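**Student:** Build the 3D model from these lines:
(4 chains)
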Protein chains: 2
Amino acid sequence: MSRREIAKQETRRLILAAARELFTQRSMEESTIRDIARKAGVSPASVVVHFKSKTALLEEVLCEDIGRAVSELAASVPQNAGLLDRLMYVSKGFFSLYDQNRNLYRGFIRHTVFEPASETPLMSRITEQYLRFLSGIIEEEKTRGVVRPEVDSTIAAASVFSLYMGTLITFFREPEMTVETVADLLTCMTDYYLRGIIRSGQ
Amino acid sequence: MSRREIAKQETRRLILAAARELFTQRSMEESTIRDIARKAGVSPASVVVHFKSKTALLEEVLCEDIGRAVSELAASVPQNAGLLDRLMYVSKGFFSLYDQNRNLYRGFIRHTVFEPASETPLMSRITEQYLRFLSGIIEEEKTRGVVRPEVDSTIAAASVFSLYMGTLITFFREPEMTVETVADLLTCMTDYYLRGIIRSGQ
DNA sequence: TCTTTTTACTAAACCTGTTTAATTATTATA
DNA sequence: TATAATAATTAAACAGGTTTAGTAAAAAGA
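**Tutor:** The predicted structure follows:
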């Protein structure tokens, strides 16, 4: 690595560290690029040169945390638990994570979820990781005979994920909602999803 | 109404008309407050005085359209259709509406969905209207014996709405996705939801 | 080694949403 | 009617994300 490249990486590291520190203290709006730049000892322009935008910088910081959370949670799912509990396990972990800095994660998700997937590559990767995890569980339960064999696990995973997103929206929209309340709601909704709501045989 | 009040309402009307015209031509970001103010013949500050923020102004404009769409769609649901088709009917109408100006609606939903409910009263009202419509259908199908009687129609409506939101996110994230594709996906997901994915009797 | 090219970085400017401090016209009051 | 209070409006400023034009140092080429 050339001397230039080394300096560049060091600058990048400084910005990331400063951003992480500020973002964990304040919300997204309260942490300005100028603040981050000052803390990192670089110019505001440098921040935008290294990370395409403020959102991209936040994505870089938070996706590291979220990605680690997904991996850890997915690895620690209680294997002897039932389908519903296993599907809920990671979602509940996410709610707890977001609850640590609700405004920050709210801002982050607001700025990424509705963007074209190509604009938020890190977020996309984590979503795919989570979807694979969910469809993996469903496939597993298919071989156990719990889930009907004709069910498309990709569609089912996307559905379970949608229910999660729906409750996440409620979580962020209703400030009085706690992690427990939202987890209970999601559990109830997912339970319905698994069992269906119409009489069987219709 | 005093002379002052009349003038105030007229200014408000001018701003709304200008905003509507600009918003239907360009996206949210491309329509600046200064542009709207110039077209309306008022100062930029006036726009913010009459409407709390740019988002609130957009909410005012679009919720009129969305609200009308909900009412019209809800009133024209084919009554003899099955549960699935009736649940899908309004959602499909929304997708078509959003497809008319995808970037504008994307920006709008991005700026409102994750805000506290109190900040976006018009959006909240429409969401409640839609949820009532959905739970109404489910209650109806309960009396017909199609939906199991122990099902909580509020939870079920929230679930169907979540599936809609999930596919809407996909719709906005994947630019190549068409109204037809997303409608098919949602139909499939909702069908699973109604019938459940596990073997009955578990 | 000297020159040219590349590139990390930045100061200053730009754009836009929003706020503030008047200004001016209307309404209420004496 | 004259004066005081009120409120609609705005010019100007502010703040923050982003862009631009330029600088200076490193790398490449002679």
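**Student:** Residue numbers of chain A in contact with DNA strand D?
**Tutor:** Residues of chain A found near DNA strand D (Cβ under 7 Å from any atom of the strand) are A:2-5, A:29, A:31-34, A:44-45, A:48, A:53-55. C-beta coordinates here come from the backbone N, C-alpha and C atoms, glycine included.
**Student:** Just those: which are in strands?
**Tutor:** In strands, defined here by DSSP state E, there are no members of the residues of chain A next to DNA strand D.
**Student:** which of those residues count as buried?
**Tutor:** A:31, A:33, A:54, A:55 (16 or more other Cβ atoms under 10 Å in any protein chain shown).
**Student:** hang on, the earlier thing: relative to residue B:12, which of the residues of chain A next to DNA strand D is nearest.
**Tutor:** Lowest distance from residue B:12 to the residues of chain A next to DNA strand D (Cβ to Cβ) belongs to residue A:29, with 28.0 Å.
**Student:** sorry, back to before: which of the buried ones among the residues of chain A next to DNA strand D sits closest to chain B?
**Tutor:** residue A:55 (11.5 Å; Cβ to the nearest Cβ).
**Student:** The residue nearest to residue A:109 when sequence neighbours are not counted and residue A:32: what is the separation?
**Tutor:** The shortest distance from residue A:109 to any non-neighbouring residue, by Cβ to Cβ, 6 or more residues apart in numbering or on different chains, is to residue B:114 (6.2 Å). The spacing between residue B:114 and residue A:32, counted by Cβ to Cβ, to the nearest Å, is 21 Å.
**Student:** likewise residue A:50?
**Tutor:** Residue A:50 is 16 Å from residue A:32, by Cβ to Cβ.
**Student:** what residues are up against the closest residue to residue A:55 other than its chain neighbours?
**Tutor:** Leaving out its chain neighbours, the residue that sits closest to residue A:55 by Cβ to Cβ, 6+ apart is residue A:111, at 4.6 Å. Contacts for residue A:111 (Cβ atoms under 8 Å, 6 or more residues apart in numbering or on different chains) come out as A:28, A:55, A:58, B:110.
**Student:** does residue A:106 sit in a helix or strand, and which one?
**Tutor:** helix A:102-112 (DSSP states H and E).
**Student:** Tell me how far that helix lies from the chain's centre.
**Tutor:** Computed by Cα atoms, centre = their mean, to the nearest Å, the chain-centroid distance of helix A:102-112 equals 10 Å.
**Student:** Please report the distance of the spatially most central residue of chain A from residue A:59.
**Tutor:** The centre of chain A sits closest to residue A:66, judged by Cα atoms, centre = their mean, with a distance of 5.4 Å. Residue A:66 is 10 Å from residue A:59, where distance means Cβ to Cβ.
**Student:** I'd say residue A:60 and residue A:51 touch.
**Tutor:** Yes. Assessed by Cβ atoms under 8 Å, residue A:60 is found in contact with residue A:51 at 6.2 Å.
**Student:** before we move on, back to that, how about the helix holding residue A:106, does it reach DNA strand C?
**Tutor:** No. Counting by Cβ under 7 Å from any atom of the strand, DNA strand C has no neighbours in helix A:102-112; the shortest distance is 13.9 Å.
**Student:** quick revisit: dump the contacts of residue A:111 into a markdown table; add pLDDT as well.
**Tutor:** Converted to a markdown table, those look like this (pLDDT from 0 to 100):
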| residue | pLDDT |
| --- | --- |
| A:28 | 97 |
| A:55 | 98 |
| A:58 | 98 |
| B:110 | 97 |
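**Student:** biggest separation within those, which pair?
**Tutor:** Top of the distance list for these (Cβ to Cβ): A:58 and B:110, 15.1 Å.
**Student:** Neighbour count: these two, which is higher?
**Tutor:** In this view residue A:58 and residue B:110 are compared by other Cβ atoms under 10 Å in any protein chain shown, and residue A:58 has more residues nearby, 22 against 18.
**Student:** If we ignore the residues flanking it in sequence, what's nearest that one?
**Tutor:** residue A:108 (5.4 Å).
**Student:** Double-check that neighbour against residue A:57; I have them as touching.
**Tutor:** No. Assessed by Cβ under 8 Å, residue A:108 is found out of contact with residue A:57, at 10.7 Å.
**Student:** so who does residue A:50 touch?
**Tutor:** For residue A:50, the contact set (Cβ under 8 Å, 6+ apart) comprises A:11, A:12, A:15.
**Student:** Now go through those residues and say which are in helices.
**Tutor:** Among the contacts of residue A:50, DSSP state H puts A:11, A:12, A:15 in helices.
**Student:** ok, now how distant is residue A:181 from DNA strand C?
**Tutor:** To DNA strand C, residue A:181 is 30 Å away according to Cβ to the nearest atom of the strand, to the nearest Å.
**Student:** Compare residue A:108 and residue A:57 (neighbour count), which wins?
**Tutor:** residue A:108 (25 against 22).
**Student:** give me every residue that touches that one.
**Tutor:** A:28, A:55, A:58, A:59, A:62.
**Student:** Go through those and flag which are in helices.
**Tutor:** Members of these lying in helices (criterion: DSSP H): A:55, A:58, A:59, A:62.
**Student:** Among these, which one lies nearest to residue B:120?
**Tutor:** residue A:55 (20.9 Å).
**Student:** Domain boundaries for chain A, per the record?
**Tutor:** Per the record, chain A has its domains at A:1-51, A:53-195, by automatic domain parsing.
**Student:** Highest average neighbour count across those: which stretch is it?
**Tutor:** Compared across the domains of chain A, domain A:53-195 shows the largest average neighbour count, a mean of 18 (mean count of other Cβ atoms under 10 Å in any protein chain shown).
**Student:** Please name the residues that touch residue A:110.
**Tutor:** By Cβ under 8 Å, 6+ apart, residue A:110 lies in contact with B:110, B:111, B:113, B:114, B:115.
**Student:** next one: residue A:77
**Tutor:** Applying Cβ under 8 Å, 6+ apart, the residues contacting residue A:77 are A:86, A:89, A:90, A:137.
**Student:** Before I go, just wanted to say thanks for your time.
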